[in-house]
Every structure is written in structure tokens, then in C-alpha cells.
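Asker: Predicted model and sequence follow; I will ask about them next.
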Amino acid sequence: MSTKQASFYQSVERNFDKAAALTNHPKGLLEQIKVCNAIYQMNFPVKIGNSYQVIEAYRVQHSHHRLPTKGGIRFSHLVNQDEVMALASLMTYKCALVDVPFGGAKGGVCVSPRKYTEEQLEKITRRYTVELVRKNFIGPGIDVPAPDYGTGSREMAWIVDTYQQLKNGEIDSAACVTGKPVSQNGIRGRTEATGRGVFYGLKEMLSYPNDCKEMGLSPGIAGKTMVIQGLGNVGSYTGTISIEEGDAKVIGVSEIEGTIYNPKGIDIKKLIKYRKEKGSIIGFPGTKKLENRDDWVGMECDILVPAALESQINKKNAKKVKAKIIAEAANGPVTADAEEILLKKGIVIVPDMYLNAGGVTVSYFEWLKNLSHVRYGRIEKRFDQNAYTNLVSTVEKLTGKTISKRERTLLTKGPEEVDLVRSGLEETMITAYGQVREIYKRKKKVKDLRSAAFINAINKVASDYMTLGVFP
Ligand code: NAD
């Protein structure tokens, strides 16, 4: 192991190569799957206050084997080409893994959102969108962005609005971006989708009693202790949903300002409110502050959830990890070097390309909704409700018994959009885990879940290339 830290993209390449070596695909095909197909680096001026600032930005389309390409847009002062290439690559494997029919892509704008006003951010976002339109790097059938670190539904609303101004009359234009506000053709359940997917993924993984035994854990997510790094979109929903629907216990939280813990559990909803009011998680009632922000890595817990940025667990701090499971809610939080150390310690890493795929899965549902121009549940809800009501009434009539009003409402409810989205997401996470686990358990040479996930993704992309006739 060299002393120099591998870049994020190098780490992804290393993981790819490790898994690719366990497949039988031709070298040229593997090379084609691995490389980034198109990289667009741009610099554009934006007037901020009384002066102009040149903004550096990227859009990388990793794989055109399926179109459109898909992937979020990141706003961070740390954005660079290597990072966007790594994130775009992961998107290809992620989409393949969860059977979302897109190639991978990613965008990055090198700005720190905290340093700009809302108006300035709007200007930057709209100008970035114009650049994408000009180079044909955005469109419902071309490349469809979504939120990522530092962006959310607000930015997606600016993007769709800019796109529609330039593409007046394009009937499917709403599908040019996902993660939009519900009022602007978004979908219910998208904001929470990544965190909810992390929860479904962990729940599924912990539902195999023998696997849990091997990890030294009891089955089920209930009662499991969690430590979360990053209380943004992904971290906060992972925490709240794991507590509310899984009965897990979040005992530690790390944010920019430091790390806090409470062995009895932290109420994440209250903590988010507290941080909004005070601007910090430090001082939240019932919690103690750890000495160093990065001490979260070594906290005693069942599940460590990095949900901030890449390379957070690296060869410098990997030895400190005491958790049984590392749940990669963020993209690339564990470097390839760190992974070697962690696997030797018997720690199970649930890979990003599987665990945080909930976001792109629900984005896919949003894209389909936009293309079909109809809300999920609109057509079948009443029909189902009437059919269930008739069924319950018939059973009551035949048995001579009646059920309570509450039971009747529960049994006869037709599906709302959010119910269907959650159901589709849960099904996707369960199916994808089953496929990865099967490879992990069946193939002796596959020693970790990340390699199993990569193999499954590579096989699917390879099969697409074969179908296209590019590699007969
Ligand atoms: P976000 O901007 O909403 O939140 C990230 C949080 O991490 C912020 O609150 C930030 O202050 C915190 N943070 C940054 N550096 C930190 C540090 N060193 N220590 C502690 N906290 C730190 O971003 P997000 O959308 O939640 O994305 C987080 C990760 O999840 C990224 O890796 C992203 O690529 C990945 N991801 C996001 C989505 C999505 O739908 N948003 C989907 C898949 C993967």
C-alpha cells in the first residue's frame, strides 16, 4: 500500500478492476464499461454584487450504453474533474444494479453555497443550465440531472424553468431534471428517497439471521445503534426513518461544527430543528461533545453511517473503526485503501452503489411520471378503493360480523402516489440486495459486498453492450 492517498476516481477504478478480474468478459469490453464517455468542463462568468466571478463547472456522462444518462449535480467548493468522474462512474453501476434504465452521469459546480445569497445561487444555476443546453448535455432523452450534495428541489426548479424557457413547446420538457418540487411536476417521496432507501437496504440486510450471526449481531434493525456523519438530506432521513420505522437508536451525529453523542439515543427530528435555530448541533440537550470532529469514526456502535462526502474513512483512520457495519449512505466514503484494512478486521461494508440507490430509483419514477403526464394512483385509486370496499362488505355479509371504522379505512384504502413510490422503492432495494447477496454467497472468490455489487452491475452493462451489437 503506497503512502499517497488514491484519488476518488482511482479508488473507484481499483474497486472496478478488483471485481472485473472475477468476471469472464473480454478486456476491451471491460475497458469500455470503465471509461468516461464524455467530459464537459466549462467556465462561465456570473455577476456577483458589483464584480464578475468565473465559475468552474462540469458535467460528466460516464456511459452512453443506455440513454438518457442520469446523475445529480453537486455544489461544493471541493468539486473537481476527478470527483465528478468518480461520481458519474458510480451512477452507471448504481443504475444497472437497481435496474434503472439509464447510463451514469454527474454534474459539479465549484461553489460553496453558504457563501452566496439565494438570488446569486439562482443566477449560477440558471447559467449552468444554459451551458448544458448549449452543448446538448441536458434533456429528457439525453441527460437528466437531479439533486446531490449542496443542491435540492429549489435548484431543480430553477433548472427546469430555464430549460423550458429555452425549449418552449417541448412536450416532455418536465422530464429534463428530477427531484423537482411536487408543485413543479416532482413526485411525492423523492426528497426522502435516498435516506428511505438506506433504511430499506439495511432492514433487508439484517433480515437474514445467519448473516447477522456471522457479523455478531442479532437479526433485525430494531435496537441497533447508529452513528451518522452529515445531517443533510441523506443523513437526516436515514436517521429519522430508521428511528421511526425501524426502532433503531442513533447515538452519535457528526456535522461540520463537531460530533455529539448520547448512548440513550438522539431525537434526530428535534436535533435538525435545534441546528436550524442555533446554527450548530453542539449543545443539543442530553448530548456530549466529542473532542475532535473526526472522532465519530471510532465510536462504539453497530452501524456507522457516513452520509457527507467521499474519502471520510481512509487509511489514516480505518484502524479506529469499531462498528460491525459501515453503511455507505454517501458516495465513496470509504477509500479502496481503507477497505482493505476494514475487510481484514471483519467489518462489513454495504456499498454506496447499492445502499444510496433510492434517490435514483425514485428519480426514475419521477421521470416516468413526467413522460406519462399523469400522477401515480390517479387512475386506479378509486377503482381499488371501491373493489376493496365491496370485498369487505361481502365478507361482513357472509360472516354476519362487522369490523371497526378504523379497520375498514385501513383495508379499503386505495393507493396514493407516495404509497406507490415507497412500495416501488422497497421492492427495488429488496430485489437488488437479493441479487448482490446471491453473488456474494455463491461465488467463493467474491470476498466482499462491493465486489459482488460491481460484478452484478458489470454483467448487466456488458449484456447491454452485447445486445447493442457493439461487442458481439
Ligand atoms: P447535503 O448537502 O444535503 O448534506 C451533506 C451534509 O454533510 C451537510 O449538512 C454538511 O454540512 C455535512 N458535512 C460535510 N462535510 C462534513 C464533515 N467533514 N463532517 C461532518 N459533516 C459534514 O448532501 P446530501 O444530498 O445529503 O449528500 C450526502 C452524500 O450522499 C453525498 O456523498 C452524495 O453524493 C450522496 N447521495 C446523495 C443523494 C441525494 O439524493 N441527495 C443520492 C445518492 C447519494
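Answerer: Thanks, I have the structure now. Because the structure is a prediction, the values reported are computed rather than measured. Numbering: from 1, shown residues only.
Asker: Run through the helices of the stretch 101-250 of the chain in chain order.
Answerer: Secondary structure of the stretch 101-250 of the chain by DSSP state H, counting those that start in this stretch: the helices cover 118-134, 153-166, 193-205, 209-215, 233-244.
Asker: Out of those helices, which one sits most buried?
Answerer: Stretch with highest mean neighbour count among the helices of the stretch 101-250 of the chain: helix 193-205 (a mean of 26; mean count of other Cβ atoms under 10 Å). Backbone N, C-alpha and C define where each C-beta goes, glycine included.
Asker: and the longest helix along the chain, which residues are buried?
Answerer: Identified as the longest helix of the chain according to DSSP state H is helix 417-442. In terms of neighbour count (16 or more other Cβ atoms under 10 Å), helix 417-442 has its buried residues at 417-422, 424-426, 428-429, 432-433, 435-437, 439-440.
Asker: what's the answer for stretch 290-301, then?
Answerer: Along stretch 290-301, these residues count as buried under the neighbour rule (16+ other Cβ under 10 Å): 290, 294-299, 301.
Asker: Same check on stretch 67-81?
Answerer: Buried residues in stretch 67-81, counted by 16+ other Cβ under 10 Å: 67-76, 79-80.
Asker: I'd like the mean pLDDT over it, please.
Answerer: The average pLDDT for stretch 67-81 rounds to 98.
Asker: again with stretch 318-330
Answerer: Per-residue pLDDT values over stretch 318-330 give a mean of 98.
Asker: Quick one: distance of that stretch to the chain centre.
Answerer: Distance, stretch centre to chain centre, for stretch 318-330: 17 Å (Cα atoms, centre = their mean, to the nearest Å).
Asker: For the stretch 101-250 of the chain, list the residues in contact with the ligand, please.
Answerer: Contact residues (Cβ under 6 Å from any ligand atom) of the stretch 101-250 of the chain with the ligand: 147-150, 194, 229-235.
Asker: Of those residues, which pair is most distant in space?
Answerer: Of all pairs drawn from those, the one with the longest distance (Cβ to Cβ) is P147 and Q229, at 19.0 Å.
Asker: Just the element for L22, please.
Answerer: L22 belongs to no helix or strand when assigned by DSSP states H and E.
Asker: State the distance from the closest residue to it other than its chain neighbours to the ligand.
Answerer: Excluding its sequence neighbours, the residue lying closest to L22 (Cβ to Cβ, 6 or more residues apart in numbering) is K445, at 5.4 Å. K445 sits 29 Å away from the ligand, going by Cβ to the nearest ligand atom, to the nearest Å.
Asker: okay, now K445: neighbour count?
Answerer: 8 (other Cβ atoms under 10 Å).
Asker: Give me the domain ranges for the chain.
Answerer: As given by automatic domain parsing, the domain ranges for the chain are 36-184, 193-355, 381-414.
Asker: Give me the distance from the shortest one to the chain's centre.
Answerer: This means domain 381-414. Here the centre of domain 381-414 is set off from its chain's centre by 38 Å, with Cα atoms, centre = their mean.
Asker: pLDDT below threshold where in the stretch 151-300 of the chain?
Answerer: Applying pLDDT under 70 to the stretch 151-300 of the chain flags no residue at all.
Asker: burial of whatever residue of it ends up closest to the ligand, as a residue count?
Answerer: Proximity of the stretch 151-300 of the chain to the ligand (Cβ to the nearest ligand atom) peaks at G232, 1.6 Å away. Per other Cβ under 10 Å, the neighbour tally for G232 reads 15.
Asker: That one contacts T151, doesn't it?
Answerer: No - counting by Cβ atoms under 8 Å, T151 is not a contact partner of G232; they are 10.5 Å apart.
Asker: that older thread, before we move on, what SS does the residue nearest to L22 have?
Answerer: Assigned by DSSP: H, G, I helix; E, B strand; the rest coil, the conformation of K445 is coil.
Asker: I'd like the distance between it and E118.
Answerer: Distance, K445 to E118, by Cβ to Cβ, to the nearest Å: 52 Å.
Asker: can you give me the strands for the stretch 201-350 of the chain?
Answerer: 225-229, 249-255, 258-261, 288-289, 303-306, 325-327, 348-350 (DSSP state E, counting those that start in this stretch).
Asker: out of those strands, nearest to I55?
Answerer: strand 249-255 (26.5 Å).
Asker: tell me how far that closest one is from the chain's mean position?
Answerer: The chain centre lies 19 Å from the centre of strand 249-255; the measure is Cα atoms, centre = their mean.
Asker: Just the CA trace of that strand, in CSV.
Answerer: Taking C-alpha atoms only, strand 249-255 is exported to CSV below (Å, rounded to 0.1, in the frame of the first residue of the first chain):
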residue,chain,number,x,y,z
LYS,A,249,-31.1,4.1,18.0
VAL,A,250,-28.9,7.0,16.7
ILE,A,251,-26.3,7.5,19.4
GLY,A,252,-23.9,9.8,17.6
VAL,A,253,-24.1,12.6,15.0
SER,A,254,-21.2,14.4,13.3
GLU,A,255,-21.5,17.7,11.4
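Asker: That one pairs with which strands, and in what direction?
Answerer: strand 225-229 (parallel), strand 258-261 (antiparallel) (DSSP bridges).
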